[in-house]
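*Asks:* Sequence first, predicted model second:
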Amino acid sequence: MMMVVAILLTVQASPAAPRVYAPPPPPSPNVTGPVRLGTEVPMIGEDDYPEQAMFDDAEGITAIMLTVGTNGRATACSVTASSGHPQLDISACALARQRARFTPARLNGKPIESEWRSRIRWV
């Protein structure tokens, strides 16, 4: 007599990884500007040289950063690199805030606050 032994193997499939819905990435925002108006005319000219700085033969380059509001006007100014002469740096920011006008930066067509950088060479 012959005995047959059957071995039953149970194979368990590993559970499938859950499917996670990931929405498509949003389109990259359409950012423009700011664009300075009146670029054909210098923002700061010879007549703007501080008198004491001229008397002291002060020269240098002042790098500034303006914060441009949604209305296209400078709302703040900071010196990012000094000319080495405080009078020149102070004048650069004061004149830029007073005179600079911009078409404001836009995000998807709506005006936004932004930054604009420039360098003023005092000679």
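*Replies:* Received, thanks. Here the structure is a predicted model, which means the values were calculated and not measured.

*Asks:* Show me which helix or strand of the chain is least confident by mean pLDDT.
*Replies:* strand 31-32 (a mean of 80; mean pLDDT, DSSP states H and E).

*Asks:* what's the distance between the helix or strand that it is followed by and the middle of its chain?
*Replies:* Following strand 31-32 in sequence order, the next helix or strand is strand 35-36 (DSSP states H and E). Between the centre of strand 35-36 and the centre of its chain there are 14 Å (C-alpha atoms, centre = their mean, to the nearest Å).

*Asks:* Can you spell out which helices and strands pack onto the helix or strand just after strand 35-36?
*Replies:* Following strand 35-36 in sequence order, the next helix or strand is helix 51-55 (DSSP H and E). Contacting helix 51-55 under the criterion 3 or more C-beta pairs under 8 Å, 6 or more residues apart in numbering; DSSP states H and E are the following elements: helix 86-99. Using the backbone N, CA and C atoms, a C-beta is placed for each residue, glycine as well.

*Asks:* Relative to the least confident helix or strand of the chain, what are the paired strands and their orientations?
*Replies:* With DSSP bridges as the test, strand 31-32 is paired with strand 105-107 (antiparallel).
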